[in-house]
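In: Generate coordinates for the sequence data below:
(one chain, ligands or ions: 2)
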Amino acid sequence: MPKEEILHSFFVPKLCNLCEHSPCAQVCPVGATFDSPDGAVLVDPKYCIGCGFCIQACPYGCRFLNPATHTAEKCTLCYHRITRGLKPACVEVCPTQTRIFGDLMNPVPDDPLQNFFKNNRVQALKPHLGTEPRVVYAGMDKEVS
Ligand code: SF4
Ligand code: SF4
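Out: Ligands and ions are numbered 1, 2, ... in the order given. Okay, the predicted model is just below:
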């Protein structure tokens, strides 16, 4: 009798992983994609020529061309908010508080992010690529493609 297989599915939100070694920035021919000093990967639409190289280069499928502006876009971790001391909007509104945001280098008292790291095993997506994502996931028991 064939061994019964148990299938299960789960959701993995694919936001920009804010790679420390970001392939999208490395391939951009005009420097429109760049690393901010505080660790965000951003796009300056003034310089973007819409070539799409970054879309091909992103191993996480996180970029797209805005059909109206013909420039590349992606999640910026709500850079306009986090630079004002606010949380990213997705973290703020998530009804199940699934997302945690913080700065491990500058922890606050009883830091929720540090506490989470102490108590959970986390993993990055596609770690073998060496992109060093700043976004990590907990509760995954398998590699996600
Ligand atoms: S996840 Fe993709 S878009 Fe985001 S920094 Fe990494 S390579 Fe760039
Ligand atoms: S689409 Fe824009 S941001 Fe992406 S590689 Fe081309 S010029 Fe750079």
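In: what comes up buried for the helix ranked longest in the chain?
Out: Secondary structure of the chain per DSSP state H: the longest helix is helix 112-119. Applying a neighbour-count criterion of 16 or more other CB atoms under 10 Å, one finds residue 117 buried in helix 112-119. In short, each C-beta sits where N, CA and C put it, glycine included.
In: what distance separates it from the centre of its chain?
Out: Put simply, helix 112-119 sits 19 Å off its chain's centre (CA atoms, centre = their mean, to the nearest Å).
In: Each with direction, which strands does the very next helix or strand once past it pair with?
Out: Using DSSP states H and E, the helix or strand that follows helix 112-119 in sequence is strand 122-123. Here strand 122-123 has these sheet partners by DSSP bridges: strand 137-138 (antiparallel).
In: Does the partner strand reach ligand 1?
Out: No: on the criterion CB under 6 Å from any ligand atom, strand 137-138 is out of touch with ligand 1, staying 13.1 Å away.
In: ok, the spatially most central residue of the chain - contacts?
Out: Nearest residue to the geometric centre of the chain (CA atoms, centre = their mean): residue 17, 2.1 Å. Contacts for residue 17 (CB atoms under 8 Å, 6 or more residues apart in numbering) come out as 60, 62, 124, 125, 131, 133, 134, 135.
In: give me the element it is part of.
Out: Using DSSP H and E, residue 17 falls within no helix or strand.
In: which non-adjacent residue is nearest it?
Out: residue 133 (3.5 Å; CB to CB, 6 or more residues apart in numbering).
In: What of residue 47?
Out: residue 32 (3.9 Å).
In: Wait, the one you found touches residue 49, no?
Out: Yes: between residue 32 and residue 49 there is a contact under CB atoms under 8 Å: 7.4 Å.
In: higher neighbour count, those two?
Out: Using other CB atoms under 10 Å, the more surrounded residue of residue 32 and residue 49 is residue 32, with 21 against 13.
In: Mind pulling the model confidence for that one?
Out: Note for residue 32: predicted pLDDT of 98.
In: Now do the contacts for it.
Out: With CB under 8 Å, 6+ apart, residue 32 has these contacts: 43, 44, 45, 46, 47, 48, 49, 71, 72.
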